[in-house]
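> Sequence plus the predicted model coming up.
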Amino acid sequence: MQFLKLLFIRHAESTGNIERRMQGQGEYPLTEHGKIQAEKLGQALLKEGWIPTHVYSSPLRRTLQTTKLALAPFQSHPPAYISDLTNAPSASDWEPEPVIITYMDDLKEFHNGIFQGLTWSEARIRYPDLCHKLESTPDWIPVPEAETLQEIRDRAHRFIQKILTRHKNGDRLWIVTHSGFLPHLIAEVLGVDRSWRISSHNTAMFEFWIDHDRWHLDNENRYNTDLWQIRRFNDHRHLTEGFLDR
């Protein structure tokens, strides 16, 4: 049975992560450690034979770098499972097919307005009254020039609907994005009306298999767990020392 396979990936460690900045849609490159994380991600997926047919990425620098570094091993080495198959072509016969990266603004991190680029300590100095309000209640308080929660969720809905229109069973998608946006994407895939807080490590993977042919049917197959599968969630085992040597 074939599925439409969706692999959501958070970007690798950025300079903004290390400095604990509210990065938003600002441009921050990967750290040297982040580059190693992205390389390990690609090596692990190559070892699995998780070959994407399509790649979608936020165009921000930290995601762009993660995507390119993770794809690099696929351009020079055959996936492990090809050479392991008895009747498969030899490694010398394998030629990688170029994968086009589609950069989409809808996959950017949420825009955090006047807080963008600041640490929380800097924000408290610059905007003490607003920060006090935010610290005093769990309720949503609008931040000047920032996206609203509804706007963020609408972006997630728009992206998921777009890929459901474009793709079919048998397609394998990498979707490289940001920790603040991932919960909304996952909520849309799961079909829930709330966005839940989700922990996501740098280069963590969230994998979903869906039967695209039955996605729009309004019958008891909606509750058939053979058709909708969560295959991994916040998986970052590839960063464990020695994991790739197993």
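Cool, got the structure. Quick caveat: nothing in here was measured; it's all calculated off a predicted structure.
> Please enumerate the strands of the chain.
Under the criterion DSSP state E, the chain contains strands at 4-10, 54-57, 101-103, 172-177, 205-210, 228-235.
> how about a markdown table for these, with mean pLDDT, mean neighbour count and distance to L190 added?
In this view, the C-beta of every residue, glycine as well, is placed from N, C-alpha and C. Output for the strands of the chain, formatted as a markdown table (pLDDT from 0 to 100; neighbours: other Cβ atoms under 10 Å; distance: least, Cβ to Cβ, whole Å):
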| stretch | mean pLDDT | mean neighbour count | distance to L190 |
| --- | --- | --- | --- |
| strand 4-10 | 99 | 23 | 11 |
| strand 54-57 | 97 | 21 | 19 |
| strand 101-103 | 94 | 16 | 23 |
| strand 172-177 | 98 | 24 | 15 |
| strand 205-210 | 98 | 20 | 8 |
| strand 228-235 | 98 | 14 | 8 |
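> Tell me where the model's unsure across this protein.
77-97, 241-246 (pLDDT under 70).
> residue boundaries of the helices in it?
15-18, 32-48, 61-76, 80-84, 120-126, 128-136, 149-166, 182-190 (DSSP state H).
> Mind listing residues that contact the shortest one?
When you say that, I think you mean helix 15-18. Taking contacts as Cβ atoms under 8 Å, 6 or more residues apart in numbering, the residues outside helix 15-18 that touch it are Q23, G26, Y28, P29, L30, T31, G34, R62, N202.
> Was I right to think the fifth one contacts Q65?
Yes. Using Cβ atoms under 8 Å, L30 and Q65 qualify as a contacting pair, with a distance of 4.8 Å.
> Next, show the common contact partners of these two.
H11, A12, A38.
> quick revisit: please list only the buried members of the contacts of helix 15-18.
For those, a neighbour count by 16 or more other Cβ atoms under 10 Å gives the buried set as Q23, G26, Y28, L30, T31, G34, R62, N202.
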